[in-house]
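J.: I would like the atomic coordinates for the input below:
(one chain, ligands or ions: 1)
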Amino acid sequence: MPGEADFVCLRCGAHFKMPYEESEGPKERACPECKSNSVRRVKEKK
Ligand SMILES: [Zn+2]
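T.: Okay, the predicted model is just below:
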């Protein structure tokens, strides 16, 4: 399902949403707050 996924910045702790598709595979992302590349996807619990 195309859409957005939640991410968290490991450096400043900011939470944000970014476009994400499973088929894209790993992609380099940067935190909108501090521009760090230490960004990790947060899986939503249902
Ligand atoms: Zn950050």
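
J.: who touches residue 13 in this structure?
T.: Shown in contact with residue 13 (CB atoms under 8 Å, 6 or more residues apart in numbering): no residues. The way it works is simple: take the backbone N, C-alpha and C, and place the C-beta from them, glycine included.

J.: From the ion, how far off is it?
T.: Residue 13 sits 7 Å away from the ion, taking CB to the ion, to the nearest Å as the criterion.

J.: do the same with residue 41
T.: Look at residue 41 and the ion: by CB to the ion, they are 14 Å apart.

J.: Which positions within the strand or helix carrying that residue qualify as buried?
T.: Mapping residue 41 onto the secondary structure by DSSP states H and E places it in strand 39-42. Of the residues in strand 39-42, those buried by neighbour count under the rule 16 or more other CB atoms under 10 Å are residue 39.

J.: for that strand, packing partners?
T.: Secondary-structure packing of strand 39-42 (3 or more CB pairs under 8 Å, 6 or more residues apart in numbering; DSSP states H and E): strand 3-9.

J.: check contacts around the residue nearest the centre of the chain.
T.: Relative to the mean C-alpha position of the chain, the nearest C-alpha, by CA atoms, centre = their mean, is the one of residue 7, at 3.1 Å. With CB under 8 Å, 6+ apart as the criterion, the residues that contact residue 7 are 15-18, 29, 39-42.
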